[in-house]
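J.: Show me how the following folds:
(one chain, ligands or ions: 2)
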Amino acid sequence: MTDNERNQDPPAENADLVISGGRVLTLNDRNEIFDPGTVAVGSGRILAVGPSEALSARFTARRVMDAAGCVVLPGLVNAHTHAAMTLFRGLADDLPLLEWLQRHIFPAEAQLTEEWVYRGTLLACAEMILSGTTTFCDMYLFEHKVAEAAKAAGMRALVGEVLYDFPSPHYGPIENGLKFTEALVQEWKGDPLISVAVEPHALYTCSPELLRRCHDLACRLDTRLIVHLSESEAEVAQIRERYGHRPVEHLERLGVLSERLIADHCVALSPSDIEMLAFHRVNVVHNPESNMKLASGIAPVPALLAAGVNVALGTDGCASNNNLDLFGEMNTCATLHKLAALDPAVLPAQVVLRMATRNGAAALGLGHTVGQITAGYFADIIVVDFQRPHLTPVYDPISHLIYAAKGSDVRHVIIHGRVVLEDGRLLTLDVEEVMAHVRSIAKKIAS
Ligand SMILES: CSC[C@H]1O[C@@H](n2cnc3c(O)ncnc32)[C@H](O)[C@@H]1O
Ligand SMILES: [Zn+2]
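T.: Ligands and ions are numbered 1, 2, ... in the order given. Model (predicted):
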């Protein structure tokens, strides 16, 4: 190398997209914040993140996104929902869980078709992207259509067909459901956005034998296993009466508790339930708004976190929430637990933001690729506009994200390196058309 060559700047690296000028919350292991910071993106991944001063000359970008006045953070992870239940938003409110399900929701779901599930899921994807969610975890019927809709919207999703003892309006008897799940896993293997889990509904709708078979299938296919667990005291009483044990102990006796299990809700837990969940490294998804609306109770989230359990955040479906905005859910989560414990320090904003990002990614088995802004991770990034009256002034951006921001403050969304929301405009879906389809389905549901 000549002296001349040695003294020259290294050649610029190519990036598909450079997001610069915003305050970047990496949520990495060191919790680094760069202000102003730059994120370079290429081939769906984060190429580099750091101070703008250090990175601006390093990349030649095909596209530059100006994030001045904005906060840049990892996309939010909705770790539990039933996306197509947007179709039933507001259909049956103000009821307790088991009555709501058995008298209203299950009968309405008996009419579902794959076309309805597709349309309802597109609406859910629109709502989620518009409010900063980049990944969701779904359980429903006709789940191949959920995968298709997520893919059309450009979202990352972990999907799974619901499995229970009684015949399903989709696949009929359970044997078909297990076969369908296996085929769905094979169909989406290797897809960059979609993965598939084994999803028995709950302990009161699945026999011990079915739960064991689902666990074995998840182990054989190396997928997540997802179940509603201990959602209310009524469920605990029902399971105790049927099997003689509390729900968590029932699963432990069946050998189903493990790191691959995602347990949704976990509201009605005893101290020994918490110990068992921690010991087996089970992932728990907290859905505070659904739990409040169905009056199911308050999940012992601070105790779960203190015991070392990975606790993520979900919205549950739109018939029990009734929206998919994780900003609202983070706010509810942070404030609900302060009130329940009469302790304002019990769940700080920083912890709640981690529940909705890193913990969600880890629960879904995506912890090494999603949930933080780190070189090598997938580029799932949101840009939140802080130049708004309710976000002024800024002493601490994380405080605003949890206590003051709304989903509608999200300005840009990038998923797997693709810009899917730009300046508040959805690029992957025609929102008017998506809403029109759902309105016409709702007329049939109501008739
Ligand atoms: C058919 S897929 C999932 C199944 O679960 C029902 N569901 C929705 N929310 C809840 C909840 O909070 N607990 C238990 N089951 C729930 C949904 O309506 C579907 O039937
Ligand atoms: Zn649910």
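
J.: Just give the number of residues close to the residue in the chain that ligand 1 sits nearest to.
T.: Scanning the chain for proximity to ligand 1 using Cβ to the nearest ligand atom identifies Val162 as nearest, at 3.4 Å. The C-beta positions use only the backbone N, C-alpha and C, and glycine is treated the same way. By other Cβ atoms under 10 Å, the residues close to Val162 number 25.

J.: Would you confirm that it belongs to a strand?
T.: Yes. Under DSSP: H, G, I helix; E, B strand; the rest coil, Val162 sits within a strand.

J.: and Leu391, what is it in contact with?
T.: Asp385, His400, Ala404, Ala405, Asp409 (Cβ atoms under 8 Å, 6 or more residues apart in numbering).

J.: re the thing from before, who does the residue of the chain closest to ligand 1 bridge with?
T.: Glu199 (DSSP bridges).

J.: Now do it against Ala84, distance only.
T.: Look at Val162 and Ala84: by Cβ to Cβ, to the nearest Å, they are 11 Å apart.

J.: and what of Tyr204?
T.: Distance of Tyr204 to Ala84, computed by Cβ to Cβ: 22 Å.

J.: Isn't Trp100 up against Ser320?
T.: Yes. With contact defined as Cβ atoms under 8 Å, Trp100 reaches Ser320; the gap is 7.1 Å.

J.: Now list whatever residues contact both of the two.
T.: Taking Cβ under 8 Å, 6+ apart as the criterion, Trp100 and Ser320 both touch Leu294.

J.: Looking at those two now, which is surrounded by more residues?
T.: For Trp100 versus Ser320, neighbours defined as other Cβ under 10 Å are more numerous around Ser320 (26 against 19).

J.: wait, isn't that one in contact with Ser290?
T.: Yes. The pair Ser320 and Ser290 passes the contact test of Cβ under 8 Å, sitting 4.3 Å apart.

J.: What sits closest to the most centrally placed residue in the chain if chain neighbours are left out?
T.: Note on the chain: the residue nearest the mean C-alpha position is Asn78, at 1.7 Å, using Cα atoms, centre = their mean. Closest residue in space to Asn78, ignoring its immediate chain neighbours: Phe136 at 4.2 Å, by Cβ to Cβ, 6 or more residues apart in numbering.

J.: Just read off the phi/psi values of the one you found.
T.: Phe136 adopts backbone torsions of phi -140, psi 160, taken as degrees, to the nearest 10.

J.: That one pairs with what?
T.: When bridges are called by DSSP bridges, Phe136 pairs up with Asn78, Ala157.

J.: And the one 4 residues further on, by the same measure?
T.: In this entry, Tyr140 is beta-bridged to Glu161, by DSSP bridges.

J.: Equivalent analysis for Ala48, please.
T.: Residues in beta-bridge contact with Ala48 (DSSP bridges): Ala40.

J.: ok, it touching Arg58?
T.: Yes. Judged on Cβ under 8 Å, Ala48 makes contact with Arg58 at a distance of 7.0 Å.

J.: domain parsing for this structure?
T.: 12-74+370-426, 76-363 (automatic domain parsing).

J.: State the pair within the contacts of Leu391 that is farthest apart.
T.: Greatest spatial distance among the contacts of Leu391 (Cβ to Cβ): Asp385 and Ala404, at 12.6 Å.

J.: related to what we said a few turns ago, in JSON lines, list the domains of the chain along with mean pLDDT and distance to Ile445.
T.: Formatted as JSON lines, the domains of the chain follow (pLDDT from 0 to 100; distance: least, Cβ to Cβ, whole Å):
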{"stretch": "domain 12-74+370-426", "mean pLDDT": "97", "distance to Ile445": "25"}
{"stretch": "domain 76-363", "mean pLDDT": "97", "distance to Ile445": "6"}
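
J.: three-state assignment of His368?
T.: coil.

J.: same check, this time on Pro36
T.: strand.

J.: Name the nearest residue to Gly417, sequence neighbours excluded.
T.: For Gly417, the spatially nearest residue (Cβ to Cβ, 6+ apart) is Gly44, at 3.9 Å.

J.: now Thr374
T.: With sequence-adjacent residues excluded and distances taken as Cβ to Cβ, 6+ apart, Thr374 is closest to Asn28, at 4.9 Å.

J.: residues contacting the one you found?
T.: By Cβ under 8 Å, 6+ apart, Asn28 lies in contact with Gln372, Ile373, Thr374.

J.: Just want the phi and psi numbers for it.
T.: phi -80, psi -180.

J.: what residues does the chain put near ligand 1?
T.: Residues of the chain lying close to ligand 1 by Cβ under 6 Å from any ligand atom are 82, 101, 105-106, 109, 139-141, 162, 201-202, 228, 231, 290, 316-317, 320.

J.: let's see it at 8 Å
T.: Contact residues, the chain versus ligand 1 (Cβ under 8 Å from any ligand atom): 82, 85, 88, 97, 101, 105-106, 109, 139-141, 162, 164, 168, 199, 201-202, 228, 231, 264-265, 287, 290, 294, 296, 316-317, 319-320.

J.: Restricted to helices, list those.
T.: Within the residues of the chain next to ligand 1, residues falling in helices by DSSP state H are Leu97, Phe106, Glu109, Ser290.

J.: For Leu261, see how far away the residue of the chain closest to ligand 1 is.
T.: Counting by Cβ to Cβ, the separation of Val162 from Leu261 is 16 Å.

J.: Kindly report the same for Glu148.
T.: Distance, Glu148 to Leu261, by Cβ to Cβ: 27 Å.
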